[in-house]
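Visitor: Structure for this input, please:
(one chain, ligands or ions: 2)
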Amino acid sequence: MTAQTMNVPAYAAPAAGAPLARTTIERRPVGASDVLIDVKYAGICHSDIHQARDGWGEGIFPMVPGHEIAGVVAEVGADVTRFNVGDRVGVGCMVDSCRECENCKAGLEQYCAQGNIQTYNALDKEGRPTYGGYSTRIVVDEAFTLRIPDGLSLDVAAPLLCAGITTYSPLAHWNAGPGKKVAVVGLGGLGHMAVKIAHAMGAEVTVLSQSLRKKDDGLRLGADHYYSTSDDATFEQLAGSLDLVVSTVSAPLPLDKYLGLLKTDGAFVNVGAPEEPVSLNLFSLILGRRSLAGSGIGGIQETQEMLDFCAEHGLGAEIELISADQINEAYERVLASDVRYRFVIDAGTI
Ligand SMILES: [Zn+2]
Ligand SMILES: [Zn+2]
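Guide: Ligands and ions are numbered 1, 2, ... in the order given. From the prediction side, this is the model:
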């Protein structure tokens, strides 16, 4: 048992906007309900870049980003019942919550009334900063540890812990499936998983992208149709035809135009969000009883369900594996939308 704090190598942003560099961080001792995980892979999420550059303010530095973590259990605490040494596991965007509020009790820890404890850039219940997956080891309570089924390789499974669950949750909640027409706005890290998952759920899938540049990819990943949103004909052609639109983009969209794509009772769900408030004409909702909604990651039980679903359907992320010394370069490429579709860090190079 590791009863003491551990010093482990990591890549951290020393200050807001500073390039990430190799450092050493302290991990807490392995508590009775904790598992110690040898990190094997960590995905690079767009929000890592946002936070490392302090786009949302109040960042805790040094910051070790990374909330798409896949690895292997190296040690378990005395009271751990669900995991053994050698198990393949994952950690997503949160590592704890109050566990007592209505949402936590309903398996909606992501909407914990006290706010869930994020995997990095947060303080744990003892007031220690949390550090994410750009490191070789992490200690996590077993209640927030996910099992990665054997059918999934750890490298392509890592991005499922954020990009996978962020898209799976709204698709499941709004009943994507056979007979449903689902559109995905944006074919990036989130969007490419939304396409794969919606297709595997049996929905008819349309990609709405700024250009037709990635059309071949989109169709290969499971889309049935692919349209450019810079062409106004797209909005005329698809008017009133969709049951569900999941927007993965963070650029502000002309919402009235997009809401016009929905059938009666259709829903437009945002999983990406612009920083600025948006405006819309409420008649876009009233006519056709349409909904405008948002969705954030998913609960722990639902995240496990997503991993099991992806394993069953052979769905991993499309990844570009990099070594840790390429993180800063990868950040620039993500900002330039120059990645197909997720960078994953080989933690063996940290
Ligand atoms: Zn993320
Ligand atoms: Zn709670």
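Visitor: you'd agree Val35 is up against Asp79?
Guide: No - contact criterion Cβ atoms under 8 Å: Val35 and Asp79 do not qualify, at 11.0 Å. Any C-beta I mention is one placed from the backbone N, CA and C, and that applies to glycine too.
Visitor: the more surrounded of these two?
Guide: Set side by side, Val35 and Asp79 show more neighbours around Val35, with 27 against 10, by other Cβ atoms under 10 Å.
Visitor: so that one sits in a strand?
Guide: Yes - per DSSP: H, G, I helix; E, B strand; the rest coil, Val35 lies within a strand segment.
Visitor: Just list the residues touching it, thanks.
Guide: Val35 sits next to Val73, Glu75, Val76, Gly77, Val80, Phe83, Val89, Val139, Val140, Asp141, Glu142, Thr145 when contact means Cβ atoms under 8 Å, 6 or more residues apart in numbering.
Visitor: Try it again at 6 Å.
Guide: Residues in contact with Val35 (Cβ atoms under 6 Å, 6 or more residues apart in numbering) are Val73, Val76, Phe83, Glu142, Thr145.
Visitor: what does the protein have sitting close to ligand 1?
Guide: With Cβ under 5 Å from the ion as the criterion, the chain comes near ligand 1 at residues Cys45, Ser47, Cys162.
Visitor: In JSON lines, list these along with pLDDT and distance to Ile297.
Guide: Below are those laid out as JSON lines (pLDDT from 0 to 100; distance: Cβ to Cβ, whole Å):
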{"residue": "Cys45", "pLDDT": "97", "distance to Ile297": "11"}
{"residue": "Ser47", "pLDDT": "94", "distance to Ile297": "11"}
{"residue": "Cys162", "pLDDT": "98", "distance to Ile297": "7"}
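Visitor: ok, and the most crowded of those?
Guide: Scoring the residues of the chain next to ligand 1 on neighbours with other Cβ under 10 Å, the highest-scoring entry is Cys162 at 28 neighbours.
Visitor: was I right about that one contacting His67?
Guide: Yes - between Cys162 and His67 there is a contact at 5.4 Å, judged by Cβ atoms under 6 Å.
Visitor: where do the contact lists of these two overlap?
Guide: In contact with both Cys162 and His67: Gly92, Cys93, using Cβ under 6 Å, 6+ apart.
Visitor: which ones are touching Val95?
Guide: Taking Cβ under 6 Å, 6+ apart, we find Val95 in contact with Ile117, Thr119, Val140, Phe144.
Visitor: partners of the helix or strand containing Gly266, with directions?
Guide: Using DSSP states H and E, Gly266 falls within strand 262-270. If you go by DSSP bridges, strand 262-270 pairs up with strand 242-247 (parallel), strand 291-294 (parallel).
Visitor: Could you report the distance from Cys112 to ligand 1?
Guide: As judged by Cβ to the ion, to the nearest Å, Cys112 and ligand 1 stand 17 Å apart.
Visitor: now the helices for the protein?
Guide: Per DSSP state H, the chain carries helices over the ranges 46-52, 102-105, 154-157, 163-173, 189-200, 215-221, 232-237, 255-259, 283-286, 300-312, 327-335.
Visitor: What helices and strands are in contact with the third one?
Guide: Pointing back at helix 154-157 there. Helices and strands touching helix 154-157, by 3 or more Cβ pairs under 6 Å, 6 or more residues apart in numbering; DSSP states H and E, are strand 34-43.
Visitor: if we go to 8 Å?
Guide: Under the contact criterion of 3 or more Cβ pairs under 8 Å, 6 or more residues apart in numbering; DSSP states H and E, helix 154-157 touches strand 34-43, strand 69-76, strand 319-322, strand 342-346.
Visitor: Any idea which of those strands gets closest to Pro149?
Guide: strand 69-76 (11.6 Å; Cβ to Cβ).
Visitor: report the angle between the axes of the closest one and strand 34-43?
Guide: Using axes from the mean of the first three to the mean of the last three Cα atoms, to 10 degrees, the inter-axis angle of strand 69-76 relative to strand 34-43 is 160 degrees.
Visitor: Strand 69-76 pairs with which strands?
Guide: Under the criterion DSSP bridges, strand 69-76 sits next to strand 34-43 (antiparallel), strand 88-91 (antiparallel) in its sheet.
Visitor: Redo these as CSV? Include mean pLDDT.
Guide: As requested, these are exported to CSV (pLDDT from 0 to 100):
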stretch, mean pLDDT
strand 34-43, 98
strand 88-91, 98
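Visitor: can you list the ones you listed in JSON lines and add distance to ligand 2?
Guide: Conversion of the strands paired with strand 69-76 to JSON lines gives the following (distance: least, Cβ to the ion, whole Å):
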{"stretch": "strand 34-43", "distance to ligand 2": "19"}
{"stretch": "strand 88-91", "distance to ligand 2": "18"}
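Visitor: Same list, the ones you listed, but as CSV with distance to Gly296 please.
Guide: Below are the strands paired with strand 69-76 laid out as CSV (distance: least, Cβ to Cβ, whole Å):
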stretch, distance to Gly296
strand 34-43, 17
strand 88-91, 17
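Visitor: who wins for proximity to Leu261 among the ones you listed?
Guide: Using Cβ to Cβ, these put strand 34-43 closest to Leu261, at 30.2 Å.
Visitor: Most neighbours among the contacts of Val35, please name it.
Guide: For those, neighbours tallied by other Cβ under 10 Å; top is Thr145, 27 neighbours.
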